[in-house]
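Novice: Based on what follows, work out the 3D shape:
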Amino acid sequence: MAPRANWKGFLRLSLVTCPVALYPATSESEKISFNQLNRQTGHRIKYLKVDADTGEEVPNEDIVKGYQFEKDQFIEVSKEELEEIALESTRTIEIDEFVDKTDIDPRYLIRPYYIRPDGKVGHDAFAVIRETIREMDKVAIGRVVLTNREHIIALEPMDKGLVGTLLRYPYEVRSEQEYFDEIQDVKVTKDMLDLARHIVNQKAGSFEPEKFEDHYESALIELINQKRAGKPIVPKDRPKGENVVDLMDALRKSVGGAAAESKVSKTPAKKAKKAAAGQKEMLMPISGKKPAKETAKKPATGARRKSA
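Specialist: Got it, this is the predicted structure:
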């Protein structure tokens, strides 16, 4: 079942309009997450909304938004006032212009969403907009309001639907000069470039996301499995970085290493496990142990028991 839509409204190109729904194209819910616990009791930590001066808990209905214009001086803004300034993009993605994809600086990209027709009507209009963008080989630029903020959104066709990528505003992107001004101007010799190109050619390939594994996520699963089984946790050796003394020598050695690596990569490798599959594996009973429901009564070493 598809996740719940983050936004529903209309997609409009001039006078062509259709109802659409917008869904998140990515998810991090499959990743392992931790709760904060009281070390003494094993209970979860709960955060309360309290008055900064009185220390008393404040109910949600008494909490309002405020903008601090001076220290401890706030301007209160009500929900009704915010709704009064609602923009048209709250309910409509209006396509303003079409640009080349290469014109969009990668620093402006935030996150992707899937866009599809909402309901049984409007599929014809949606198809017209989608195929126009595809035929022109352009990216459509519009605006949409998500989480009470207006965003620029770049629309591209994907299969039978559209992918909309939220973009940052210029004031949200920092200038590179602040970070790059102190980089020294270094003359790179032709020999160095030739060796570096050779390394690149040996490592050349096509981007296949399924080849990559989240090693940290896998290590977390292994750690939790070991603690559930009551096994001791042994720290692993960390790789040590070394200063490059002779750059040409390092490049020559890298060429040899890349050649050996490319030979190994030609052999069929097992596909990396997906994070979700890894978590399911983690939740399965440990070999030689009772099912999880039964073992819950007797926590293993390292587990926390809730106090009565």
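Novice: So residue 251 is in contact with residue 199, correct?
Specialist: Yes: using Cβ atoms under 8 Å, residue 251 is in contact with residue 199, at 7.3 Å. All C-beta spots, glycine's among them, are computed from the backbone N, C-alpha and C.
Novice: Tell me which helix or strand residue 17 sits in.
Specialist: strand 16-24 (DSSP states H and E).
Novice: which other residues reach that strand?
Specialist: By Cβ atoms under 8 Å, 6 or more residues apart in numbering, the residues outside strand 16-24 that reach it are 2-3, 5-11, 92-93, 111, 113-119, 121-126, 128-129, 144, 146, 164.
Novice: Around residue 33, count how many other residues there are.
Specialist: Residue 33: 8 surrounding residues under other Cβ atoms under 10 Å.
Novice: how would you label it: helix, strand or coil?
Specialist: Per DSSP: H, G, I helix; E, B strand; the rest coil, the local secondary structure of residue 33 is coil.
Novice: ok, it - contacts?
Specialist: Under the criterion of Cβ under 8 Å, 6+ apart, residue 33 has no neighbours.
Novice: swap the cut-off to 10 Å and go again
Specialist: residue 220 (Cβ atoms under 10 Å, 6 or more residues apart in numbering).
Novice: tell me the pLDDT at it?
Specialist: Residue 33 carries a pLDDT value of 90.
Novice: Residue 162 versus that one, what's the distance?
Specialist: Relative to residue 162, residue 33 is positioned 31 Å away (Cβ to Cβ, to the nearest Å).
Novice: One more: residue 84?
Specialist: 31 Å.
Novice: Would you mind telling me which of those two has more residues around it?
Specialist: residue 162 (25 against 8).
Novice: and the more buried one, what pLDDT?
Specialist: For residue 162, the model assigns a pLDDT of 98.
Novice: Where does it sit: helix, strand or coil?
Specialist: strand.
Novice: Spatially nearest residue to it, not counting backbone neighbours?
Specialist: residue 115 (4.2 Å; Cβ to Cβ, 6 or more residues apart in numbering).
Novice: any idea which helix or strand carries the one you found?
Specialist: Per DSSP H and E: strand 109-117 holds residue 115.
Novice: which helices and strands sit right next to the helix or strand following that strand?
Specialist: Next along the chain after strand 109-117, taking DSSP H and E as the criterion, comes helix 123-136. Using 3 or more Cβ pairs under 10 Å, 6 or more residues apart in numbering; DSSP states H and E, the elements in contact with helix 123-136 are strand 7-13, strand 16-24, strand 92-99, strand 109-117, strand 139-146, strand 149-158, strand 161-167.
Novice: Residue 62: how many residues sit nearby?
Specialist: Residue 62: 8 neighbours (other Cβ under 10 Å).
Novice: on that earlier part again, of the helices and strands packed on helix 123-136, which is nearest residue 48?
Specialist: Among the helices and strands packed on helix 123-136, the nearest to residue 48 by Cβ to Cβ is strand 149-158 (27.1 Å).
Novice: how about the strand holding residue 17: buried residues?
Specialist: 17-23 (16 or more other Cβ atoms under 10 Å).
Novice: go on, stretch 198-211?
Specialist: So, applying 16+ other Cβ under 10 Å, buried residues of stretch 198-211: 198-199, 202.
Novice: Of those, just say which sits nearest to residue 150.
Specialist: Among these, and counting by Cβ to Cβ, the member closest to residue 150 is residue 199, at 45.1 Å.
Novice: Just after the helix or strand harbouring that closest one, pick out the following helix or strand.
Specialist: Assigned by DSSP H and E, residue 199 belongs to helix 190-203. Later in the chain than helix 190-203, the nearest helix or strand by DSSP H and E is helix 215-228.
Novice: That following helix packs against which elements?
Specialist: helix 275-283.
Novice: mean confidence for the helix it packs on?
Specialist: Mean predicted lDDT for helix 275-283 stands at 50.
Novice: now swap in stretch 251-268 and tell me
Specialist: Averaging pLDDT along stretch 251-268 yields 66.
Novice: Report the contact partners of the nearest residue to residue 78 once chain neighbours are set aside.
Specialist: Nearest residue to residue 78, sequence neighbours excluded (Cβ to Cβ, 6+ apart): residue 64, at 6.4 Å. Taking Cβ under 10 Å, 6+ apart, we find residue 64 in contact with 74, 76-79.
Novice: and which of those is nearest to residue 209?
Specialist: Proximity of the contacts of residue 64 to residue 209 (Cβ to Cβ) peaks at residue 79, which lies at 41.1 Å.
Novice: Give me the number of neighbouring residues for that closest one.
Specialist: 10.
Novice: thinking it is in contact with residue 85, fair?
Specialist: No: here residue 79 does not reach residue 85: they are 11.6 Å apart, not a contact under Cβ atoms under 10 Å.
Novice: The residue nearest to residue 162: what's it in contact with?
Specialist: 5, 7, 11, 20-23, 25, 93, 126, 129-130, 144, 153, 155-156, 158, 161-164.
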